[in-house]
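Visitor: sharing a sequence plus its predicted fold:
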There are 2 protein chains.
Amino acid sequence: MTFIAVPARLSTSSADFEQQFAARLHWSAEQDAAIEDRVRDILADVRTRGDAAVLEYTARFDHLAETSMAGLELKPDELKAAFESLPSIQREALELAAARIRRYHEWQKSQGGETATYRDEDGTLLGQKITPLDRVGIYVPGGKAAYPSSLLMNAIPAHVAGVGEIVMVVPTPRGEKNPLVLAAAYVAGVSRAFTIGGAQAIAALAYGTATVPKVDKITGPGNAYVASAKKHVFGTVGIDMIAGPSEILVLADGSTRPDWVAMDLFSQAEHDELAQSILLSPDAAYIDAVQREIDRLLPTMPRAEIIAKSLTGRGALIHTRSMEEACEISNRIAPEHLEVSSEDPHRWEPLLKHAGAIFLGAYTSESLGDYCAGPNHVLPTSGTARFSSPLSVYDFQKRSSLIEVSKVGAQKLGQIARVLALGEGLQAHAGAAEMRLSS
Amino acid sequence: MTFIAVPARLSTSSADFEQQFAARLHWSAEQDAAIEDRVRDILADVRTRGDAAVLEYTARFDHLAETSMAGLELKPDELKAAFESLPSIQREALELAAARIRRYHEWQKSQGGETATYRDEDGTLLGQKITPLDRVGIYVPGGKAAYPSSLLMNAIPAHVAGVGEIVMVVPTPRGEKNPLVLAAAYVAGVSRAFTIGGAQAIAALAYGTATVPKVDKITGPGNAYVASAKKHVFGTVGIDMIAGPSEILVLADGSTRPDWVAMDLFSQAEHDELAQSILLSPDAAYIDAVQREIDRLLPTMPRAEIIAKSLTGRGALIHTRSMEEACEISNRIAPEHLEVSSEDPHRWEPLLKHAGAIFLGAYTSESLGDYCAGPNHVLPTSGTARFSSPLSVYDFQKRSSLIEVSKVGAQKLGQIARVLALGEGLQAHAGAAEMRLSS
């Protein structure tokens, strides 16, 4: 079967550019009310009945008929055996990737603040104390989208932050375990692992059951049920962002080989029909060349059908007036992955305000960042890079403010607090401040 | 009318302590399904009809019949006039508080990372770029719980982070404007302000209307409708935490005057019947002394009824075996406000893992922190200090990863990425890495 990939061709000089651009970008994060209702029921049931409910849902949805939770726990030996049974080339790749990811996140930790304080002129001490979370849960999707790299990207920052216990959940429909996922769990070092998934796994982690320990935060991607469940338990536990479809935006000045850029667009498109690949270039002939490479390379791709659907349905090749204008449009999109495929990427980087990760220069394919460059591949999607950040060590730490008001300081602060508290009608607040004023 | 406040008396030595403790702590964050449905309708309506819907809901819920959005906008002159009409003592208190809050948050900004990068041994550049959000919305509750201090605590960190535009919304039921809130908006420096509230204000900020600009993130406390609306729009925009009832936990070694501690417990209890005040001390006679001060001081409090209900319904005075045990229990609670009322607070602080803000020593009443010590008073409630942090400058910034793989680096990384991508069945990812390998 032959597939063709025809991304929309837009030009910022066209009169109808804004309209076409908006139509291409449109993606609704609206939730399916039926899924939400179903998830609410599952969460309530697991909260009430614990392990028994988890076992039932796992039997029903994953066709995994275990009579006790022990049968749904992956023991350390099994993770280790999975690692050892891999071909050495995969073992090495996992270990090298893990080492690079660890090194980057250790650097990142050193960039964020340590516990620190200062004293003001009255001797009052102010500051913040930074501590790791006690226990986190990591959701790892199972089935066809089983990504061992995702496990590394979630577990390693938690480890580097100093989290005491990492609990992994991964559905194994019909008992099919992915040896690379188990091996990655061994390499990343998870504390406990369960072969459960869906809303029932999120509920077990958020509320705890007799067997599954209650965690403080849940991270990791999942399907619509998992996303809805995470949103529901937000507040009971912390969660990472809710991921939308994956996106890549390539800003090209025409200096990178067009087959490289075509393959980079594919590498996003192959994830999912809803994934979005966009090329922006002021060079129309270059855009033509990339389209020719798309046509030439597509038949060689095993996932050609998904790539064709994604590029034709959501892809775009946009001719801009200039690289400057391309940067402006990129800021409006706030892409998850942003490749600056230019001879002089550092000229454009300062113009780029909103993006999950910025890949500079022709050698920096997004796929290198996905696996092993070091920075996290869990990135804000669907324009959320306007207000959120890559998953990081900081997501596995929290801060407590430290305040020690000196006797001298209490005289000054007490006067201010008293006036403002009375203005708000909070007399006990005013009273507590007043009592500390020297008589 | 006379009120009595009888916090539960517990002892960790009692056989039924765990049971009693759990019952006291129980608070359910479960949402009201009727509120959720109502909010969903309002959000959808504002999203579709924009200003017209906002005007209708404001007329219906706030009894504010304006025919155009211009009537619901507070102009800079009006904010300035509100400030100038205040008594000088209030003007000064607002300005001094703002200056201290600004100074702390500037220090905090310096503690968090700047944009930074490093190069590995292959010349590959890795790092992160830190940028402020473009535009944020601040929700300020109106009516009886109108807190100007809350406006300072939300707007100043946004300013310090470098946010370009700050849009404030504040409901003014029946047109009643709180001059202190307007004055605080002047002092903190908001860009635009609208007299709208409830789910309709959250919708206007999240989706934008013809008049209200769409923001990137919404912070600030509100009632159950506002909390539900924020949770719904999470993902379209960023949000801060969902606040539960306020709590204080006092760890006392018996060295602080018992009337001071009694007043500190009141200052939490006066917020709300659901607020929780807990005292932990190894000194039973001291606990008795605090109860006597509660009895003595309560009749002097204008908000005695709320205080009595809060303390009797949710308060607790807990006798512990030791200060060490008191610290352990505090960690289980993960309180929003934690006073270490001890002669030697620095002895206990290292034992305290989870708390929003830690107030050290007898002079550091929570109320000083609420208004003017400097650190943020927007703190994680209901045990969420286990995984979240005070509102901060960092909440108004976001990070983008920076990656520039060198030609040499692409050879090493390409081999690793290729193996892992093929292991995940993502051939275009492998292809993009392979193409960068030198032939």
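Guide: Arrived safely, thanks for sending.

Visitor: so for the host helix or strand of residue A:305, what's the average pLDDT?
Guide: Residue A:305 is part of helix A:304-314, with elements assigned from DSSP states H and E. Summarised as a single mean, pLDDT over helix A:304-314 is 96.

Visitor: for the very next helix or strand once past that helix, which strands pair with it and how are they oriented?
Guide: Sequence-wise, the next helix or strand downstream of helix A:304-314 (DSSP H and E) is strand A:316-319. Partners of strand A:316-319 in the sheet, by DSSP bridges, are strand A:8-11 (parallel), strand A:276-281 (parallel).

Visitor: contacts for the helix holding residue A:305?
Guide: With contact meaning C-beta atoms under 8 Å, 6 or more residues apart in numbering or on different chains, helix A:304-314 is reached by A:1, A:3-7, A:24, A:27, A:245, A:265-266, A:268-277, A:294, A:298, A:301, B:428. Quick note: C-beta positions are derived from backbone N, CA and C, even for glycine.

Visitor: by contact count, what packs against the top helix by length along chain A?
Guide: Across chain A, the longest stretch assigned as helix under DSSP state H is helix A:88-111. Under the contact definition 3 or more C-beta pairs under 8 Å, 6 or more residues apart in numbering or on different chains; DSSP states H and E, helix A:88-111 sits against helix A:76-84, helix A:148-161, helix A:179-188, strand B:125-132, helix B:407-423.

Visitor: can you give me how far that helix is from the chain middle?
Guide: 17 Å (C-alpha atoms, centre = their mean, to the nearest Å).

Visitor: how about the next helix or strand after it against chain B, any contact?
Guide: Following helix A:88-111 in sequence order, the next helix or strand is strand A:116-119 (DSSP H and E). Yes. Using C-beta under 8 Å from any C-beta of the partner chain, strand A:116-119 reaches chain B at A:116, A:118.

Visitor: point out where chain A drops to low pLDDT.
Guide: Residues of chain A meeting the criterion pLDDT under 70: A:28-31, A:144-145, A:439.

Visitor: report the central residue of it.
Guide: Taking C-alpha atoms, centre = their mean, the centroid of chain A lies closest to residue A:378, which sits 3.0 Å from it.

Visitor: contact partners for that one?
Guide: By C-beta under 8 Å, 6+ apart, residue A:378 lies in contact with A:150, A:153, A:154, A:219, A:221, A:240, A:241, A:243, A:390, A:391.

Visitor: what kind of secondary structure is the residue nearest to the last one when sequence neighbours are not counted in?
Guide: In space, not counting the residues next to it along the chain, residue A:391 is nearest to residue A:378; the distance is 3.6 Å by C-beta to C-beta, 6 or more residues apart in numbering or on different chains. Three-state secondary structure (criterion: DSSP: H, G, I helix; E, B strand; the rest coil) places residue A:378 in coil.

Visitor: out of the helices and strands packed on helix A:88-111, nearest to residue A:38?
Guide: For residue A:38, the closest of the helices and strands packed on helix A:88-111 is helix A:148-161, at 24.8 Å, according to C-beta to C-beta.

Visitor: can you redo the helices and strands packed on helix A:88-111 as JSON lines with distance to residue B:396?
Guide: Compiled in JSON lines, the helices and strands packed on helix A:88-111 are given as follows (distance: least, C-beta to C-beta, whole Å):
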{"stretch": "helix A:76-84", "distance to residue B:396": "40"}
{"stretch": "helix A:148-161", "distance to residue B:396": "22"}
{"stretch": "helix A:179-188", "distance to residue B:396": "32"}
{"stretch": "strand B:125-132", "distance to residue B:396": "6"}
{"stretch": "helix B:407-423", "distance to residue B:396": "34"}
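
Visitor: please consider this matter closed, and thank you.
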